[in-house]
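1. Need a 3D model of the following:
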Amino acid sequence: MKLNELRDNPGATKSRKRVGRGPGSGLGKTGGRGIKGQKSRSGVAINAYEGGQMPLYQRLPKRGFNNINAKRHAVINLGLLQKFIDAGKIDATAPVDEDVLIQSGLVRRKRDGIRLLAKGELTASVNLTLTGASKAAVEAIEKAGGSFTALAPAKAEAPAE
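-> Down below sits the predicted model:
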């Protein structure tokens, strides 16, 4: 076999539709668009229009709402924190704040703050300073001999007049 003898399997490739190339092609003249009207013209896209019928997105029921003021926290669990301490990625003897967690790779980004939840076990004595924590997480930290300090929420700046 030579390079010039290489071929695709029969039926593996299909030639593309060439629109508007004469009557013999089957898609000549109007190119399958019919005659006149909005959709025969170029540059027209009628998204979600169903010919006067109520569009699907309007037929479906609307439920709930999205709170635009909701805070989105990055969430970590006690078990994962302990795992990073055991691996030596976080120094439990030094105070641990949000920047330390980001540098260690435990959290990718702060968002509106970092919140600690009580899933898993914590055995190391850690001094944490985070945006928030669940009551059970704070109890687990204090039981292990550590402490938790909640950061004061950032106040929105008043508009300058």
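2. List the contacts of the residue nearest to Ala133 when sequence neighbours are not counted.
-> Nearest non-adjacent residue to Ala133, counting by C-beta to C-beta, 6 or more residues apart in numbering: Leu116, 3.9 Å away. In short, each C-beta sits where N, CA and C put it, glycine included. By C-beta atoms under 8 Å, 6 or more residues apart in numbering, the residues touching Leu116 are 75-78, 81, 128, 130, 132-134, 137, 141, 148.
3. ok, and what's touching stretch 98-113?
-> So stretch 98-113 is contacted by 71-74, 76, 80-81, 84, 89-91, 94, 114, 129-132, 151 (C-beta under 8 Å, 6+ apart).
4. Please flag which of the contacts of Leu116 sit within strands.
-> Residues of the contacts of Leu116 located in strands (DSSP state E): 75-77, 128, 130, 132-133, 148.
5. Neighbour-wise, give me the winner out of those.
-> Counting neighbours by other C-beta atoms under 10 Å, Leu128 comes out on top of those with 24 neighbours.
6. Is it bridged to anything, and to what?
-> Beta-bridge partners for Leu128, by DSSP bridges, are Val96, Phe148.
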